[in-house]
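**Q** need a structure here:
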Amino acid sequence: MLIVRDRVRAGAVLIQATIGAVHIGMTLYLMFHLQIVLGLSPLLAGLATTITAPVAARLLPTRGPAC
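**A** Got it, this is the predicted structure:
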């Protein structure tokens, strides 16, 4: 109950929960896209995501977001 009483901590917990939910949704959408649209198997879709995520994280500060 102490988290709810402190506004800063409650806000931080709410933001972290929101970011976590968005991350899970994004990963699920990406897996569905790789499997349904691109026709990859579930194993290849998982490997593609695992391999490309660190590469994209390294390129983001130098290239910036695409949109």
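**Q** Which helix in this structure has the most residues?
**A** Counting by DSSP state H, the longest helix found in the chain is helix 7-32.
**Q** Touching the helix or strand just after it from outside, list them.
**A** With elements assigned by DSSP states H and E, the helix or strand that comes after helix 7-32 is helix 42-63. Here helix 42-63 makes contact (C-beta atoms under 8 Å, 6 or more residues apart in numbering) with 27, 30-31, 34-35, 40. For every residue, glycine as well, the C-beta is placed using N, CA and C.
**Q** The residue most central in space within the chain and Leu30, how far apart?
**A** The C-alpha lying nearest the average C-alpha coordinate of the chain belongs to His23 (C-alpha atoms, centre = their mean; 3.1 Å). According to C-beta to C-beta, to the nearest Å, His23 stands 11 Å off from Leu30.
**Q** just Arg63 next, same as before
**A** Following C-beta to C-beta, the distance that separates Arg63 from Leu30 is 19 Å.
**Q** Next: Arg58.
**A** Distance of Arg58 to Leu30, computed by C-beta to C-beta: 18 Å.
**Q** Those two: which is more packed in?
**A** Set Arg58 next to Leu30 and count neighbours by other C-beta atoms under 10 Å: Leu30 wins out with 15 against 10.
**Q** list the contacts for that one?
**A** So Leu30 contacts Thr49 (C-beta under 8 Å, 6+ apart).
**Q** I am finished for the moment; much appreciated.
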